[in-house]
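> predicted structure and sequence below. I'll ask about it afterward.
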Amino acid sequence: MSTTVMTGVGRAAPGGELGVAGQLSAAVNAEWTKIRTVRGPRWNLLAGLVATVALGALLSYFMGRNYSPPAGAPFEPVRTAFGGLVLGQLAMVVLGVMLIGGEYTSGMIRLSLAAVPNRGVFYLAKATVLGAVTLAVGLVTAFTAFFVGQALLDGHGVSLGDPGVLRAVLVGALYPTLISLFALGVATMLRRQTLALGILIPFFFLVSTILQAIPGVTRATQFLPDQAGQRALQIHHQTKDAFGPLTGLLITVLWVAASLLGGWLVLRRRDA
């Protein structure tokens, strides 16, 4: 870790002289210094943006030129434009895990906790910076993916003013943020970067999709964090769905809250 990053951490809690608000502000500044001076997070954010937009554009292009009315379900132009989220979310998983898992792996977690003894402040600062950065990039990604996708759907697209469309696009911006925070909580609970990545990446990329295709468990998989969150990208409520788009978003939020709470309990009770 660079000297700049270490200095930023060292300013996070100067001898306990600051109140909680002051400590949080200093800790947020330190985390911001880390995330903008280390190349890994920047590459992950860029990879998430490119993967989401590029794959969504490709799917929209082929869908627009080979369009036929779907049988038994309405066409979902917004979700088609966000088809790249299946890859883009992996970059957010890696970012969320790296933000704290990398410190456990390198041993820098001891220095960070010495600089910010209040573990609640330390954890909140990480979640705040991660959430703010991923949401900012998510907004750029979501609106870019939407406008590019609708242009390539060749007359089968929708506009932001159509019912449910703006809500779906905003969910497309919020979803990567929720997934990154979910990964942060899991990595904090496991305290091992490789273990967290070894569980989360196969789950989001393979296991969740495979389970969805197995008869008898398909309906249950709708309650998984990724499946529920991506369902909120729909602008139509399909009869086969167990719940509507906003309920799907709420389910994902509950998964994230449980993950962050679990991470906080482990961080508070265990030595670094």
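Yep, it's here. None of these values were measured; they are calculated from a predicted model.
> contacts and neighbour counts: CA atoms only from here.
OK.
> ok, now which ones touch the spatially closest residue to R192 that is not a sequence neighbour?
Leaving aside its chain neighbours, R192 sits nearest to G101 (5.7 Å; criterion: Cα to Cα, 6 or more residues apart in numbering). For G101, the contacting residues are 187-188, 191-193, by Cα atoms under 8 Å, 6 or more residues apart in numbering.
> which two from the residues you listed end up farthest apart in space?
Using Cα to Cα, the two most remote members of the contacts of G101 are T188 and Q193, lying 9.0 Å apart.
> ok, these two, which is more surrounded?
More crowded of T188 and Q193, by other Cα atoms under 10 Å: T188, with 27 against 22.
> what's the closest non-adjacent residue to the more buried one?
Excluding its sequence neighbours, the residue lying closest to T188 (Cα to Cα, 6+ apart) is G263, at 4.8 Å.
> and the one you found, what does it touch?
G263 makes contact with 184-189 under the criterion Cα under 8 Å, 6+ apart.
> and the helix or strand containing the residue nearest to R192, C-alpha only, in PDB?
Following DSSP states H and E, one finds G101 within helix 85-106. Extracted in PDB, the C-alpha atoms of helix 85-106 (Å, rounded to 0.1, in the frame of the first residue of the first chain):
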ATOM      1  CA  LEU A  85     -25.400  -6.400 -15.600                       C
ATOM      2  CA  VAL A  86     -24.700 -10.100 -15.300                       C
ATOM      3  CA  LEU A  87     -21.100  -9.300 -16.000                       C
ATOM      4  CA  GLY A  88     -21.000  -5.800 -14.600                       C
ATOM      5  CA  GLN A  89     -22.100  -7.000 -11.200                       C
ATOM      6  CA  LEU A  90     -19.000  -9.200 -10.900                       C
ATOM      7  CA  ALA A  91     -16.800  -6.100 -11.100                       C
ATOM      8  CA  MET A  92     -18.800  -4.600  -8.200                       C
ATOM      9  CA  VAL A  93     -18.500  -7.900  -6.200                       C
ATOM     10  CA  VAL A  94     -14.700  -7.800  -6.600                       C
ATOM     11  CA  LEU A  95     -14.600  -4.100  -5.600                       C
ATOM     12  CA  GLY A  96     -16.700  -4.600  -2.500                       C
ATOM     13  CA  VAL A  97     -14.500  -7.600  -1.400                       C
ATOM     14  CA  MET A  98     -11.200  -5.800  -2.200                       C
ATOM     15  CA  LEU A  99     -12.200  -2.800  -0.200                       C
ATOM     16  CA  ILE A 100     -11.800  -4.600   3.100                       C
ATOM     17  CA  GLY A 101     -10.600  -8.100   2.100                       C
ATOM     18  CA  GLY A 102      -7.400  -6.600   0.700                       C
ATOM     19  CA  GLU A 103      -6.600  -5.100   4.100                       C
ATOM     20  CA  TYR A 104      -7.100  -8.500   5.900                       C
ATOM     21  CA  THR A 105      -4.900 -10.200   3.300                       C
ATOM     22  CA  SER A 106      -2.000  -7.700   3.600                       C
END
